[in-house]
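Asks: just need the structure, nothing else, for what follows:
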Amino acid sequence: MLIGYVRVSKADGTQTLAPQRDALLAAGVAPERIYEDLASGRSDARPGLAACLKALQPGNTLVLWKLDRLGRDLRHLVNTVEDLRVRGVGLKVLAGAGAQIDTTTANGRLAFGIFAAFAEFERELIAERTQAGLAAARARGRLGGRPRKMDRATLQMAMTALADPKAVAAEVAKRLGLTTTTLYAYVNGDGSPKAAGQALLDRQPLGPKPPRAAHQATAA
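Replies: The predicted model follows:
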């Protein structure tokens, strides 16, 4: 089954879907199986594309006028094409730079496989960059994961560090495993506590309470 998708960037009447629809109809796509959007390719809100991708079943072929009708950018395009391949959905492009893509033919399957290779390459690059970033962070004494929250002990260290006029807030935050935003939510630039910091300091620290009565008796 052939399912088509068409899109123009402007909904003000200066662009029309007619040429794309005519091309898809000529390629054998039934009128009721053509999904459409009036939105920029970079827009996340493309209900026509969302409905089209949802309707596609294994063995179906998605037909496009041009390849650029499908993706927001190269990464989105590659990932979408790879997702179609995994789902067993074909792709046929009628015009433009991607017109050689037609997975009903051997050459088209080869072109489709190139997109799959690009997708795999992109995933490997992301994983490699992530691992390199984590290794660099560990080398600087940082561990992976979410930044820690402010606690009483961390606050006191932050206040002491920022009391030094030469201290740089971003470096202090990094050493303490905080974001700069979190640091400044509790401490002023001169090391004095803000309202949130003072409230944290005023809380009773964890652990057994000091023996107030014995202390007072000794003092007496």
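Asks: mind listing the strands for this structure?
Replies: 2-8, 34-38, 61-64, 90-93 (DSSP state E).
Asks: what lines up beside the longest one in the sheet?
Replies: In the sheet, strand 2-8 lines up against strand 34-38 (parallel), strand 61-64 (parallel) (DSSP bridges).
Asks: Ile34 and Arg85: what is the separation?
Replies: According to CB to CB, to the nearest Å, Ile34 stands 22 Å off from Arg85. All C-beta spots, glycine's among them, are computed from the backbone N, C-alpha and C.
Asks: tell me which of the strands paired with strand 2-8 lies nearest to Ala161.
Replies: Ala161 lies closest to strand 34-38 among the strands paired with strand 2-8, at 52.9 Å (CB to CB).
Asks: ok, Pro47 - contacts?
Replies: Asp37 (CB atoms under 8 Å, 6 or more residues apart in numbering).
Asks: and the end-to-end length of stretch 87-105?
Replies: Terminal residues of stretch 87-105 lie 18 Å apart, using CA to CA, to the nearest Å.
Asks: got the buried residues for it?
Replies: 89-94, 98-99, 101-103 (16 or more other CB atoms under 10 Å).
Asks: how far off centre is that stretch?
Replies: 28 Å (CA atoms, centre = their mean, to the nearest Å).
Asks: now it: average pLDDT?
Replies: Across stretch 87-105, pLDDT averages out at 82.
Asks: how about stretch 58-78?
Replies: pLDDT averaged over stretch 58-78 gives 83.
Asks: and the helices in this structure, which stretches?
Replies: 18-26, 47-55, 74-86, 106-139, 152-162, 169-176, 180-186, 195-202, 212-219 (DSSP state H).
Asks: as CSV, these with distance to Tyr5 would be great.
Replies: Formatted as CSV, those follow (distance: least, CB to CB, whole Å):
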stretch, distance to Tyr5
helix 18-26, 8
helix 47-55, 5
helix 74-86, 11
helix 106-139, 17
helix 152-162, 52
helix 169-176, 46
helix 180-186, 42
helix 195-202, 51
helix 212-219, 75
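Asks: out of the ones you listed, nearest to Leu2?
Replies: helix 18-26 (8.2 Å).
Asks: can you tell me which helices and strands the closest one packs against?
Replies: Where contact means 3 or more CB pairs under 8 Å, 6 or more residues apart in numbering; DSSP states H and E, helix 18-26 is packed against strand 2-8, strand 34-38.
Asks: that one to strand 2-8, inter-axis angle?
Replies: Helix 18-26 runs at 170 degrees relative to strand 2-8, counting by axes from the mean of the first three to the mean of the last three CA atoms, to 10 degrees.
Asks: residues touching helix 18-26, excluding its own?
Replies: Against helix 18-26 from outside (CB under 8 Å, 6+ apart): 4, 6-8, 31, 34, 36, 63, 65, 69, 94-95.
Asks: ditto for stretch 59-74
Replies: Against stretch 59-74 from outside (CB under 8 Å, 6+ apart): 1-7, 19-20, 23-24, 27, 29, 41-44, 49, 52, 56, 77-78, 80-81, 84, 88-98, 101, 103-104.
Asks: circling back to that earlier point, please convert the buried members of the contacts of helix 18-26 into PyMOL selection syntax.
Replies: A single PyMOL command suffices to select whichever of the contacts of helix 18-26 are buried according to 16+ other CB under 10 Å:
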select buried, resi 4+6+7+8+34+36+63+65+69+94
